[in-house]
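Student: Turn this into a structure:
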Amino acid sequence: MTRRGDSRRRVAGREAGSATVELALLAPGLLLLCGLILLGGRVVLAGGSIEQAAAAAARQASLARDPAAADRLARQQAARTLAAQHLQCASLTVTVDTAGFRVPLGQPASVAVEIGCAVRLSDLALPGLPATRALSARAVSPLDPWRARGSGR
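Tutor: From the prediction side, this is the model:
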């Protein structure tokens, strides 16, 4: 019985410190995996925020009476919504398509807003990661076909 106990002690002695080596080998991979999960989460949340901002901006533009006011209101609403979502874009573009204001009354018309945002990723500090990721979203909102509107000419 003592021989069996001796062999167990010898095996355990040979494996001493192997858990530390395994952890040292696995730690960089686990940290990289955590960083990629954070990156994916940031991109998904930013995409949702940009889609929400585009929808809110299109809705706000559809309530305006003329193209100039629609453009101004859409840009303000997009900036307000992104600020409320705590999303800071390295560069922000808001394009408002107000062609629907030229459609005659009684006919279906709409206003479209497209938002482009370069989301900052540089604070994640992952090797090989670009500083920004370009995301965009487009939303369309109908204009009331019987509401008076100016053409902006």
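Student: Once you drop chain neighbours, what's closest to Leu82?
Tutor: In space, and not counting its chain neighbours, Leu82 is closest to Ala53: 5.0 Å by Cβ to Cβ, 6 or more residues apart in numbering. The C-beta positions use only the backbone N, C-alpha and C, and glycine is treated the same way.
Student: Can you tell me the element that neighbour falls in?
Tutor: helix 18-62 (DSSP states H and E).
Student: who does that helix touch, helix- and strand-wise?
Tutor: With contacts taken as 3 or more Cβ pairs under 8 Å, 6 or more residues apart in numbering; DSSP states H and E, helix 18-62 sits against helix 67-84, strand 89-97, strand 109-120, strand 132-143.
Student: one more time with 7 Å, if that's ok
Tutor: helix 67-84, strand 109-120, strand 132-143 (3 or more Cβ pairs under 7 Å, 6 or more residues apart in numbering; DSSP states H and E).
Student: hmm, back to that, my guess is the residue nearest to Leu82 meets Arg80, correct?
Tutor: No. Under the criterion of Cβ atoms under 7 Å, Ala53 makes no contact with Arg80, lying 8.4 Å away.
Student: and the two? which has more neighbours close in?
Tutor: Using other Cβ atoms under 10 Å as the criterion, Ala53 and Arg80 rank with Ala53 on top: 29 against 14.
Student: and the residue nearest the centre of the chain, what is it in contact with?
Tutor: Among the residues of the chain, the one closest to the centroid is Ala46, at 1.7 Å (Cα atoms, centre = their mean). The contact partners of Ala46, taken as Cβ atoms under 7 Å, 6 or more residues apart in numbering, are 87, 119, 135.
Student: could I get these as TSV with distance to Phe101 and pLDDT?
Tutor: Compiled in TSV, the contacts of Ala46 are given as follows (distance: Cβ to Cβ, whole Å; pLDDT from 0 to 100):
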residue	distance to Phe101	pLDDT
Leu87	29	92
Val119	32	91
Leu135	28	96
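Student: Most neighbours among those, which one is it?
Tutor: That'd be Leu87 among those, by other Cβ under 10 Å, with 21 neighbours.
Student: Surely it touches Glu51?
Tutor: No. Applying Cβ under 7 Å, one finds Leu87 not in contact with Glu51, separated by 11.4 Å.
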